[in-house]
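Novice: build me a model:
(chains A and B)
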There are 2 protein chains.
Amino acid sequence: MDKPFFSIIKKSKKSRARLGVLQTPHGTVQTPSFVPVATKGTLKAIAPNLLKDIGAQVMFVNTFHLVLSPGVDTLRSFGGIHQYASLQLPLMSDSAGFQVFSLGSKINSKGFKITEKGVHFKSPRDGASLFISPEQSMKHQEKIGADILMAFDECIPHGVSHEYALEATERTHRWLLRCIKAKKRKDQRLYGIVQGGGFKDLREQSARFIAEQNVDGIAIGGVSVGETQKEMRDQVRWSAPFLPEKLPRHLLGVGRPKDFRYAISQGMDTFDCVEPTRLARTGTVFTIKGKNIVRMNLMRPLYKKDKKPIEKTCSCYTCKTFSRSYLHHLFREQEMLGHQLASIHNITMMHLEFEKIRQEIQRGIL
Amino acid sequence: MDKPFFSIIKKSKKSRARLGVLQTPHGTVQTPSFVPVATKGTLKAIAPNLLKDIGAQVMFVNTFHLVLSPGVDTLRSFGGIHQYASLQLPLMSDSAGFQVFSLGSKINSKGFKITEKGVHFKSPRDGASLFISPEQSMKHQEKIGADILMAFDECIPHGVSHEYALEATERTHRWLLRCIKAKKRKDQRLYGIVQGGGFKDLREQSARFIAEQNVDGIAIGGVSVGETQKEMRDQVRWSAPFLPEKLPRHLLGVGRPKDFRYAISQGMDTFDCVEPTRLARTGTVFTIKGKNIVRMNLMRPLYKKDKKPIEKTCSCYTCKTFSRSYLHHLFREQEMLGHQLASIHNITMMHLEFEKIRQEIQRGIL
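Specialist: Model (predicted):
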């Protein structure tokens, strides 16, 4: 490809923050950027013709879910997820590892077993015995056809021993080498994933290892599962300094507004998280209080007659068109339009927040 | 008002069909026209900025539901339902009668009682004792603020005696006189409702009575509840010839494509029905087979890999953008976007069907 995948436009003098651009066959992404999650090939409740309006530059899809439906061969027969779901923007896919491991630990079934070759697990749909390996993850992701793929990694449960975490982290490293070898398509980029659990030495060791491999970017994994803000920040701080500056860095599953500036000042570029849309579906929307993004629950009776928009500084369709009262009514009556309007708003708020963040880096504030 | 409320553009020579225009403070409606139902102030799953695209010229809202939430005083404080729900098109509201009576017959509770003054019934939410009268229905509808209001009528259950139907029909007539007296706003139009149940003499008697009153339009009611197509057609045929030609005529709750041309040839102008959107939410969409609109259930396995649009002659966003396979996936996975895309399609299909019907009248075919 002619253009480099990742270019740094400006580096902060105050922190490790940087402004960058990701170039993909489906468009460019200004970083730092939020990455909304379209789990099953749809950003829940939002038609793809609205994605531009709400500021989505790039989205995330989940391999595990797409394998179950519509199936990766169906996706391939349509030319990939972009065409199938009319998602005309850069896309990232995960490895399926996160779901396989969270499934395994949740159901704790006899059928769940980690081996060097891969992971045996039971289908959540019909209990069938399934198996996934680094090679299969890459095959699935190649058929899905996203622009940025994640290596197959082992997610380390919260609270395990150093010995357990070491073993899992080293297996993740060996699996990365197999992913690199297995990946065939040249138009897709591969991110290696830093693991290491809650241990400083393992995070550093993992970051150093991943940094030396032939990858297009690096993700930090396993920092969002049942951990405190302090633990999340520790793990980012322990990993980030060892990542090569020239590679883009993704923080998996972190999407609380209060965490963005910290992680960006540590050098992170992109963030995927279901939280803005998941919250939206419960009637919880973002507003601004002082300089912070805070949550507002539209179901509360005090909004019943409130004529104000959710957030007066927000430029989204929802805020330009509807009152809190109308949204309260929609949520009380379980009207689907409520989910749609609240999701439009929350994703737009993420977009506006990252626009601010990019301006702060531009101006040397962050 | 300067312009007449209803103008006839062309009369068919083959039947009683006519082309017309309704003029309202919120825009005009080309008739014959389908009237999608936005029960609680939202056409389910569809944001109002899409209404123009899907061809909605006019919509219907349900007074009973809007009284329960958000409440008519809230609506009035916003300047009415158009502003509250951002529905910038002509709107019709019903009288709440249909819901009160179907509720009464369903729960058959001790609390349900019809008197000359009005109807006592229990709230479906909290069991509270409620009462509605012609005067209250008009007050509610004035606060809701739709352009076209329905008089408060008594819906006659299927299968009752001639004596019962006569009594109810005559009460509906007396209630209409009270509605006319109670209505204060000059910017809203009032339709009287023909009842008479399944009896030819009562339908004729009712149509003649309503036709003589000071109303802006006439609706035919009670033809859709648990009746066969033959019964529906009988009741339209028995009523329609006695309606003054200069008044617009609405057929309440009839929305099956196979019924439109028959009713239009009998002189009906507008039709409201929840069916296109209700079917859409179950994955049932309209396609064309020969010259007829038929149903297709997107959940069926045969659509799993089908690359075709729902209907190749349809111009809607859904058909221009997505395959049956993707829609099948969305419905199987219970993604809200499926409801949205199927609703967009079904309403567009109604719009295209009525465009055809209007052309057929124009060309002298219908």
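
Novice: low-confidence stretches in the stretch 151-300 of chain A?
Specialist: Scanning the stretch 151-300 of chain A with the threshold set as pLDDT under 70 gives A:224-226.

Novice: how about the strands of it, start to end?
Specialist: Chain-ordered strands for the stretch 151-300 of chain A, with DSSP state E, counting those that start in this stretch as the definition, fall at A:189-194, A:217-220, A:249-251, A:270-273, A:284-289, A:292-297.

Novice: can you list the strands that the second one pairs with?
Specialist: Taking DSSP bridges as the criterion, strand A:217-220 pairs within the sheet with strand A:189-194 (parallel), strand A:249-251 (parallel).

Novice: again with the fourth one
Specialist: If you go by DSSP bridges, strand A:270-273 pairs up with strand A:33-36 (parallel), strand A:249-251 (parallel).

Novice: in a markdown table: these, plus mean neighbour count and distance to residue B:267.
Specialist: The C-beta positions use only the backbone N, C-alpha and C, and glycine is treated the same way. Compiled in a markdown table, the strands paired with strand A:270-273 are given as follows (neighbours: other C-beta atoms under 10 Å in any protein chain shown; distance: least, C-beta to C-beta, whole Å):
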| stretch | mean neighbour count | distance to residue B:267 |
| --- | --- | --- |
| strand A:33-36 | 25 | 52 |
| strand A:249-251 | 28 | 65 |
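
Novice: just put the strands of the stretch 151-300 of chain A in a markdown table and tack on distance to residue A:143.
Specialist: As requested, the strands of the stretch 151-300 of chain A are arranged in a markdown table below (distance: least, C-beta to C-beta, whole Å):
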| stretch | distance to residue A:143 |
| --- | --- |
| strand A:189-194 | 15 |
| strand A:217-220 | 21 |
| strand A:249-251 | 22 |
| strand A:270-273 | 21 |
| strand A:284-289 | 35 |
| strand A:292-297 | 37 |
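
Novice: so which of the ones you listed comes closest to residue B:349?
Specialist: Taking C-beta to C-beta as the measure, the strands of the stretch 151-300 of chain A were each checked against residue B:349, and strand A:284-289 came out nearest at 33.8 Å.

Novice: what packs against the closest one?
Specialist: Judged by 3 or more C-beta pairs under 8 Å, 6 or more residues apart in numbering or on different chains; DSSP states H and E, the packing partners of strand A:284-289 are strand A:292-297, helix A:336-362.

Novice: give the partner strands of it in its sheet and their orientations.
Specialist: strand A:292-297 (antiparallel).

Novice: identify each buried residue in the strand it pairs with, please.
Specialist: The neighbour-count check on strand A:292-297 (16 or more other C-beta atoms under 10 Å in any protein chain shown) flags A:293, A:296 as buried.

Novice: that strand to helix A:336-362, inter-axis angle?
Specialist: When axes from the mean of the first three to the mean of the last three C-alpha atoms, to 10 degrees is applied, the directions of strand A:292-297 and helix A:336-362 differ by 170 degrees.

Novice: mean confidence score for the helix or strand following strand A:292-297?
Specialist: The first helix or strand that comes after strand A:292-297 along the chain, using DSSP states H and E, is helix A:317-321. The pLDDT scores in helix A:317-321 average 98.

Novice: so how far is the following helix or strand past helix A:317-321 off the chain centroid?
Specialist: Sequence-wise, the next helix or strand beyond helix A:317-321 is helix A:324-332, with elements assigned using DSSP H and E. The offset between the C-alpha centroid of helix A:324-332 and the centroid of the whole chain comes to 29 Å, using C-alpha atoms, centre = their mean, to the nearest Å.
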